[in-house]
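J.: what follows is a predicted structure for the sequence shown.
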Amino acid sequence: MRTMLAILLAGAGLVLTAVPVAAHHAFAAEFDARKPIKLRGTVVKMEWINPHSWIHIDVKRPDGKVERWMIEGGPPNALYRRGFTKDSLPVGTDILVEGFRAKDGSNRGNGRDLTFSNGKKLFLGSSGTGAPRDGQNSTDR
Amino acid sequence: MNRRYVVSLGVLATAIVILALALAPGAAQAPTAAKTAAPTAWTPSRTPWGDPDLQGVYRYEAAIPLERPANLADTPFLTDEEVARRDQAEQEQEAKRLAGGEGVDVGRQPLSESPIRGNEYNSFWQDHGRPRQIHNRTSLIVDPPDGKLPYTPDARKAEARSAARYGIGPYESFLDPDTGERCLTDGVTALMWQGPNGGHNRIMQSPGYVTILHEEYRDRRIIPVDGRAHGSIRQWFGDAVGRWEGSTLVVDTVNFLDKTHYEWANVWTRPSETLHLVERFTRVDADTIEYEITIEDPTTFARPWKAAIPITRLPDGTQIYEYACHEGNYAMPNLLSGARAQAQAGEEGR
């Protein structure tokens, strides 16, 4: 990602100020940009592990079968500093995940956007620490 | 406040340079003079045992690239107007990042051009809730004057190879991802200001020692500042000894292990046995350490080079946390299996 920062900065005429990217590996090493995913699922657990957090969700397919997916997120240390806690995404929360699938075709992906069932995006529309104050209620279906 | 300070510091530094020129006719004044004038501007407090106090948790928050971008090749310093314009843009982008903006709105590639390349995660995964500081310098490298890494021809080839394979592979083994992806390290100087998690570091002092705890990779450096000579053991992070020069901590490090055969995301961060690193830590105001590195390594560079990196002291109470990177590094099996799947698809496609 250091390379990415350099690329972004090199285009300074277009991009005024580049943003450091919080990822410890190159996106393309793990995920396939040609395989966008959009999954609606229920949070089963969240792994607070570095260098990336992982959210496990159960996704019900049209045929009724339930698939378990793993979604990669930001580093927990960074999330915690933004106000993300274990209460932010409790088990049972319905979320819509948009991202990209793992290159090996398994049920894993990166979580680019996470949206709650009320339409609010995770962390967005709030102030201060940026932590969600609503939308994370598991009964809010 | 910090950014305003930087702007006004630039004006102040310019005044000091003009004054210095007037007082010392004939003295060579490189463009970096404005920078080196800064350390005299502020006097740090002292520890109870009398050393300058550098302690705190720091993070790099400036928006200065290591190397000077090609479109600013002849512009080592931005004008006050340009700094103000970029600062305004950063304030707006930060507000948009917090509000969930994407792509160009938040300073990244246009989404229409690429859903990845900086856009693979939306703002909330990445944003730290603090706008970055705009400085008037266009590169962290202050010497050579062109602001470019003075690679040897061989090292330049190695850098091109590294850039070409980053994120692409080949990933035949766990040895193939770079040192950061392997949860080893990003390199001793890069840790002070770069990092996937924002580069949080705690500087702690005790009589005769300065310790730097790096959050990322849980690296730490215990630097004796007691007049001892270098030891003889070669280590990844070399053998560091420190000394005080006025209010500046100078850390001289030799005896690095040769790790040039490892994959490094950026070749300039790799140590070799010929690396001689000198780091200078100077508190230039209550919130900033000027972290200056001088790197001399004939294995990788045609000449010594120097970078001056402002790192920001975070509010009291800021903590650094455990990292435990190996244990949670699902990316390693994922990228290896991804490479296998890609290879298989390639074979089937023939």
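T.: That came through fine.
J.: okay, now the unreliable bits of chain B?
T.: B:1-41, B:115-118, B:122-129, B:195-198, B:348-350 (pLDDT under 70).
J.: domain parsing for it?
T.: Domain segmentation of chain B under automatic domain parsing yields B:49-77+B:140-335, B:79-135.
J.: want to throw those domains into a markdown table with mean neighbour count and distance to A:His25?
T.: The way it works is simple: take the backbone N, C-alpha and C, and place the C-beta from them, glycine included. A markdown table is the format used below for the domains of chain B (neighbours: other C-beta atoms under 10 Å in any protein chain shown; distance: least, C-beta to C-beta, whole Å):
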| stretch | mean neighbour count | distance to A:His25 |
| --- | --- | --- |
| domain B:49-77+B:140-335 | 18 | 4 |
| domain B:79-135 | 19 | 11 |
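J.: secondary structure element for B:Glu159?
T.: helix B:153-165 (DSSP states H and E).
J.: so is that helix next to chain A?
T.: Yes: judged by C-beta under 8 Å from any C-beta of the partner chain, helix B:153-165 comes into contact with chain A at B:Ala163.
J.: ok, the most centrally placed residue in chain A - contacts?
T.: Note on chain A: the residue nearest the mean C-alpha position is A:Gly111, at 2.9 Å, using C-alpha atoms, centre = their mean. Neighbour list for A:Gly111: A:Ile55, A:Ile71, A:Glu72, A:Gly73, A:Val97, A:Glu98, A:Gly99, B:Tyr121, B:Trp125 [criterion: C-beta atoms under 8 Å, 6 or more residues apart in numbering or on different chains].
J.: and the gap between the fourth one and chain B?
T.: Distance from A:Gly73 to chain B, counting by C-beta to the nearest C-beta, to the nearest Å: 6 Å.
J.: isn't that residue right next to A:Arg82, touching?
T.: No: the criterion here is C-beta atoms under 8 Å, and A:Gly73 misses it with A:Arg82 at 11.5 Å.
J.: ok, those two, which is more surrounded?
T.: A:Gly73 (26 against 21; other C-beta atoms under 10 Å in any protein chain shown).
J.: ok so, going back, output the domains of chain B in CSV; the columns should cover distance to A:Asn77.
T.: Formatted as CSV, the domains of chain B follow (distance: least, C-beta to C-beta, whole Å):
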stretch, distance to A:Asn77
domain B:49-77+B:140-335, 5
domain B:79-135, 11
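J.: out of those domains, which is closest to A:Glu47?
T.: Ranking the domains of chain B by proximity to A:Glu47 (C-beta to C-beta) places domain B:49-77+B:140-335 first, at 7.2 Å.
J.: and the closest one, end to end?
T.: 50 Å (C-alpha to C-alpha, to the nearest Å).
J.: now do that domain: distance to the chain's middle.
T.: Here domain B:49-77+B:140-335 is found 6 Å from its chain centre; the criterion is C-alpha atoms, centre = their mean, to the nearest Å.
J.: returning to that earlier point: I'd like the distance between the residue nearest to the centre of chain A and B:Gly328.
T.: 16 Å (C-beta to C-beta, to the nearest Å).
J.: wait, does the helix or strand A:Arg101 falls within make contact with chain B?
T.: Using DSSP H and E, A:Arg101 maps to strand A:94-102. Yes: Strand A:94-102 is in contact with chain B by C-beta under 8 Å from any C-beta, via A:Gly99, A:Phe100, A:Ala102.
J.: would you turn those into CSV with neighbour count?
T.: Listed next are the residues of strand A:94-102 next to chain B as CSV, based on neighbours: other C-beta atoms under 10 Å in any protein chain shown:
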residue, neighbour count
A:Gly99, 24
A:Phe100, 23
A:Ala102, 23
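J.: now the residue of the stretch 51-200 of chain B found nearest chain A, nearest residue through space, not along the chain?
T.: Closest contact between the stretch 51-200 of chain B and chain A, by C-beta to the nearest C-beta, is at B:Gly167 (2.6 Å). Take B:Gly167 and drop its neighbours on the chain: the residue closest to it by C-beta to C-beta, 6 or more residues apart in numbering or on different chains is A:Ala26, 2.6 Å away.
J.: these two touch, right, the one you found and B:Arg165?
T.: No: with contact defined as C-beta under 8 Å, A:Ala26 does not count as touching B:Arg165 (9.5 Å).
J.: hmm, back to that, contacts only, for the residue of the stretch 51-200 of chain B closest to chain A.
T.: With C-beta under 8 Å, 6+ apart, B:Gly167 has these contacts: A:His25, A:Ala26, A:Phe27, A:Ala28, A:Ala29.
J.: widest-spaced pair of those residues?
T.: Farthest apart among those - using C-beta to C-beta - are A:His25 and A:Ala28, which lie 9.2 Å from each other.
J.: need the contact partners of stretch B:250-259.
T.: Here stretch B:250-259 has contacts from B:179, B:188, B:210, B:223, B:230-244, B:270-273, B:275-281, using C-beta under 8 Å, 6+ apart.
J.: ok, now stretch B:224-231?
T.: B:51, B:208-210, B:239-244, B:249, B:252, B:254-255.
J.: now swap in stretch B:52-59 and tell me
T.: B:44-47, B:192, B:198-205, B:210, B:244, B:246-249, B:281, B:283, B:289, B:311-314, B:316, B:318-320.
J.: thinking again about what came up before, ok, the strand holding A:Arg101: who's next to it in the sheet?
T.: strand A:31-47 (antiparallel), strand A:108-116 (antiparallel) (DSSP bridges).
J.: any chance of JSON lines for those, columns mean pLDDT?
T.: Shown next, in JSON lines, are the strands paired with strand A:94-102 (pLDDT from 0 to 100):
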{"stretch": "strand A:31-47", "mean pLDDT": "93"}
{"stretch": "strand A:108-116", "mean pLDDT": "89"}
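J.: out of these, which is the most enclosed?
T.: Stretch with highest mean neighbour count among the strands paired with strand A:94-102: strand A:108-116 (a mean of 23; mean count of other C-beta atoms under 10 Å in any protein chain shown).
J.: okay if I get the contacts of stretch B:224-231 as CSV plus secondary structure?
T.: Putting the contacts of stretch B:224-231 into CSV (DSSP: H, G, I helix; E, B strand; the rest coil) gives the following:
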residue, secondary structure
B:Asp51, coil
B:Gly208, coil
B:Tyr209, strand
B:Val210, strand
B:Asp239, strand
B:Ala240, strand
B:Val241, strand
B:Gly242, strand
B:Arg243, strand
B:Trp244, strand
B:Leu249, strand
B:Asp252, strand
B:Val254, strand
B:Asn255, coil
